[in-house]
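Undergrad: Below are the sequence and a predicted model for it; my questions follow.
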Amino acid sequence: MSLWEESPFSVNIVENIQKIREGIRQATLRVGRDPSSVQLVAATKTVSANLLIEAYEAGVRIFGENRLQEAQEKILAVGPRQGLDWHFIGRMQGRKIKDIVGNFTLLHSVESLEQAQNIHDIAKKLGIQQHILLEVNVAGESTKAGFACNAMKEAMDKIDRLPHIVIRGLMTLPPFSDHPDDARPYFAELRQLRDFLAQRNGSYGEIKELSMGMSHDYQVAIEEGATMVRVGTAIFGKRG
């Protein structure tokens, strides 16, 4: 993929972002939330740098990347811009974590205690605190990574002792369905888990972020408490 290659599909990014912002507004108002409580994370896998710049100019300030090499190339191509944050939202391979830590504002998909310890050790060497979300396999799918719900209290207790990690919240990927409402119980369960953990004693009582919901189901996720929605196709269109 060329960093400057245009999408083969016609797409109006400004109009799409406006529609998503309105969708976020409507979803929050339906459940009595403030629209500003939800952050839009543009999922940018395989999207050209040209389109990212267009999205930035249309008001998007968080880009979420799945692949390290692609992200590194785009970060250089797009360059530093006021208010722009890069999140890593994909699965993190062990050998690549050393190049991920410190180069992304937030890691959405920390899936195990071993991975958290690895991130901590690298962050310690860099002299930084790395902000993370813990991925929860709410549905217990064998094909997906992440913590089991019933293991979260013990995991949080252990990870919270690592001074170079800041736990900001939780993330999940529900089983895919063409019907957005099918994801609702999984989103609700993650919110309930977050609320349970936040009520426990300990310094991690301030966790608040819920990264859940994508292009087809982000409004349902917001209704169930999402504070971050990862939207790609609905912004950039289908990708070849």
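TA: Happy to help now that I have it. Keep in mind it's a predicted model, so treat the numbers as computed, not measured.
Undergrad: Mean pLDDT per helix and strand in this structure: which one sits at the bottom?
TA: Taking mean pLDDT, DSSP states H and E as the measure, the chain has helix 152-159 as its least confident helix or strand, at a mean of 92.
Undergrad: so after that one, what's the next helix or strand?
TA: Reading on from helix 152-159 to the C-terminus, the next helix or strand found by DSSP states H and E is strand 165-171.
Undergrad: Using the three-state scheme, assign H216.
TA: coil (DSSP: H, G, I helix; E, B strand; the rest coil).
Undergrad: picking that back up, which residues are contacting the least confident helix or strand of the chain?
TA: Helix 152-159 has contacts (Cβ atoms under 8 Å, 6 or more residues apart in numbering) with L113, A116, L134, V136, F147, I165, I167, L193, L197, R200, G202, Y204. (Each C-beta comes from the backbone N, C-alpha and C, glycine too.)
Undergrad: for stretch 112-123, same thing?
TA: Counting by Cβ under 8 Å, 6+ apart, 92, 94, 97-98, 101-102, 107, 110, 129-130, 132, 134, 145, 147, 155, 158-159, 162-165 sit against stretch 112-123.
Undergrad: ok, 10 Å please
TA: By Cβ atoms under 10 Å, 6 or more residues apart in numbering, the residues outside stretch 112-123 that reach it are 91-94, 97-102, 107, 109-110, 128-132, 134-135, 145-147, 151, 154-155, 158-167.
Undergrad: re the thing from before, how about the least confident helix or strand of the chain: buried residues?
TA: M152, A155, M156, I159 (16 or more other Cβ atoms under 10 Å).
Undergrad: Over to stretch 45-52?
TA: Buried, per 16+ other Cβ under 10 Å, within stretch 45-52: K45, V47, S48, A49, N50, L51, L52.
Undergrad: Same question for stretch 232-240.
TA: Within stretch 232-240, judged by 16+ other Cβ under 10 Å, the buried ones are G232, A234, I235, F236, G237.
Undergrad: filter the contacts of stretch 112-123 to the buried ones?
TA: Buried among the contacts of stretch 112-123 (16+ other Cβ under 10 Å): 92, 97, 100-101, 107, 109-110, 130-132, 134-135, 146-147, 155, 159-160, 162, 164-167.
Undergrad: In the protein, what residue spans correspond to strands?
TA: Using DSSP state E, the strands of the chain run over residues 39-43, 62-65, 85-88, 106-110, 130-135, 165-171, 209-211, 228-231.
Undergrad: for the first one, which positions count as buried?
TA: Read that as strand 39-43. Those would be Q39, L40, V41, A42, A43, for strand 39-43 by 16+ other Cβ under 10 Å.
Undergrad: cool, and the second one?
TA: Neighbour-count burial for strand 62-65, with 16+ other Cβ under 10 Å as criterion, is recorded at I62, F63, G64, E65.
Undergrad: Contact partners for the closest residue to the second one other than its chain neighbours?
TA: The one in question is F63. Nearest residue to F63, sequence neighbours excluded (Cβ to Cβ, 6 or more residues apart in numbering): T44, at 4.9 Å. T44 sits next to 51-52, 55, 60, 62-66, 70-71, 74, 78, 86-87, 89, 232, 235-236 when contact means Cβ under 10 Å, 6+ apart.
Undergrad: With Q192 as the reference, measure out to G102.
TA: Per Cβ to Cβ, to the nearest Å, G102 is found 33 Å from Q192.
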